[in-house]
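A.B. asks: Sequence and predicted structure, then a few things I'm wondering about:
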Amino acid sequence: IDFNNPYHLACTEIRAASLSNHCSLFNHLSSSSRPFLLKNQHSSCVKDRTRESMEICTNFPRKKLDEIIDHVFLRCYKDTEPFDEIERRK
């Protein structure tokens, strides 16, 4: 992993947000005033968390961050190693 490569960094952040409890239903209900949308809520939360994290540690404008995240999202979001699957992702 090359953390100077924004695509590697985005993938790492996507996996961190996806595999942690940050985007769980319980966490959302206890910390957010926004409604919980069942469809795509987990993936949307993961993208938001990834963008927030990358805004802190890079100087890329938001539009460029979104392009980078979108470019690697599906591949990195589906990568659940070392786990076989993530139950909360439906």
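C.D. replies: Sure thing, it's come through.
A.B. asks: hey, let's count contacts and neighbours off CA atoms from now on
C.D. replies: OK.
A.B. asks: could you pull out the helices for this structure?
C.D. replies: 6-19, 25-31, 41-57, 62-78 (DSSP state H).
A.B. asks: Confidence-wise, which of those is weakest overall?
C.D. replies: Note on those: lowest mean pLDDT is at helix 25-31, with a mean of 55.
A.B. asks: can you pull the contacts of residue 8?
C.D. replies: 1, 2 (CA atoms under 8 Å, 6 or more residues apart in numbering).
A.B. asks: From residue 65, how far out is it?
C.D. replies: 12 Å (CA to CA, to the nearest Å).
A.B. asks: Can you give me the buried ones in stretch 8-24?
C.D. replies: 8-19, 22-24 (16 or more other CA atoms under 10 Å).
A.B. asks: Closest one of those residues to residue 45?
C.D. replies: Lowest distance from residue 45 to those (CA to CA) belongs to residue 23, with 5.7 Å.
A.B. asks: Could I get the contacting residues of that closest one?
C.D. replies: For residue 23, the contact set (CA under 8 Å, 6+ apart) comprises 17, 42, 45, 46.
A.B. asks: Now the two most distant members of those.
C.D. replies: 17 and 42 (9.4 Å).
A.B. asks: which non-adjacent residue is nearest the residue most central in space within the chain?
C.D. replies: Centre of the chain computed as the mean C-alpha position; nearest residue by CA atoms, centre = their mean is residue 46, 2.7 Å away. Nearest in space to residue 46, with sequence neighbours left out and distances taken as CA to CA, 6 or more residues apart in numbering, is residue 17 at 5.3 Å.
A.B. asks: with the contacts of residue 23 in mind, which one is nearest to residue 53?
C.D. replies: Of the contacts of residue 23, the one sitting nearest to residue 53 (CA to CA) turns out to be residue 17, at 9.7 Å.
A.B. asks: Tell me who's in contact with that closest one.
C.D. replies: 23, 46, 49, 50 are the contacts of residue 17 under CA under 8 Å, 6+ apart.
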